[in-house]
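Engineer: Can you look at this prediction? I've put the sequence above it.
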Amino acid sequence: QVQLVESGGGLVQAGDSLRLSCAASGRTFSGYRMAWFRQAPGKERDFVAEIRWSGGSTSYADSVKGRFSISRDNARNTVALQMNSLKPEDTAVYYCAISSRVFGRAVSAFDAWGQGTQVTVSS
């Protein structure tokens, strides 16, 4: 069973940067995808970014493209989300997730989730 633990959230001002980290444990991850989602109050959980554990290819939601960057550290089994030029609309709980499927950005395509970390961006 996979365990995912996020860290790094906090309160920042618009234009600031923040780095989230997700530590994965419990099984090997070759061939899996790791992703970040976010959920604002009263809204659905939305895809933010993903990275393939093998090869490292990435993809991003249009809303964060050019501002956010996802990366992985295979040796430490961690995935990071570097968030730059933060905006108030980036305020949400950010979740780390893992998928054994080849593709798919829907919540249902992911097999396990972390507990989430709050990111608040003030204007």
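Structural biologist: That came in fine, so what should we check first?
Engineer: Nearest the middle, which residue of the chain would you pick?
Structural biologist: residue 36 (2.0 Å; CA atoms, centre = their mean).
Engineer: what sits against that one?
Structural biologist: By CB atoms under 8 Å, 6 or more residues apart in numbering, the contact set of residue 36 is 20, 22, 48, 49, 50, 70, 79, 81, 94, 95, 96, 97. (Glycine included, C-beta is placed from N, CA and C.)
Engineer: Tell me what it is bridged to.
Structural biologist: The partner list for residue 36 in beta bridges (DSSP bridges) reads residue 49, residue 96.
Engineer: hang on, the earlier thing: want to throw the contacts of residue 36 into CSV with neighbour count and pLDDT?
Structural biologist: As requested, these are exported to CSV (neighbours: other CB atoms under 10 Å; pLDDT from 0 to 100):
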residue, neighbour count, pLDDT
20, 24, 98
22, 26, 96
48, 23, 98
49, 24, 98
50, 25, 97
70, 22, 98
79, 27, 95
81, 26, 98
94, 23, 98
95, 23, 98
96, 28, 97
97, 23, 96
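Engineer: Could you single out the nearest of the residues you listed to residue 4?
Structural biologist: residue 96 (4.8 Å; CB to CB).
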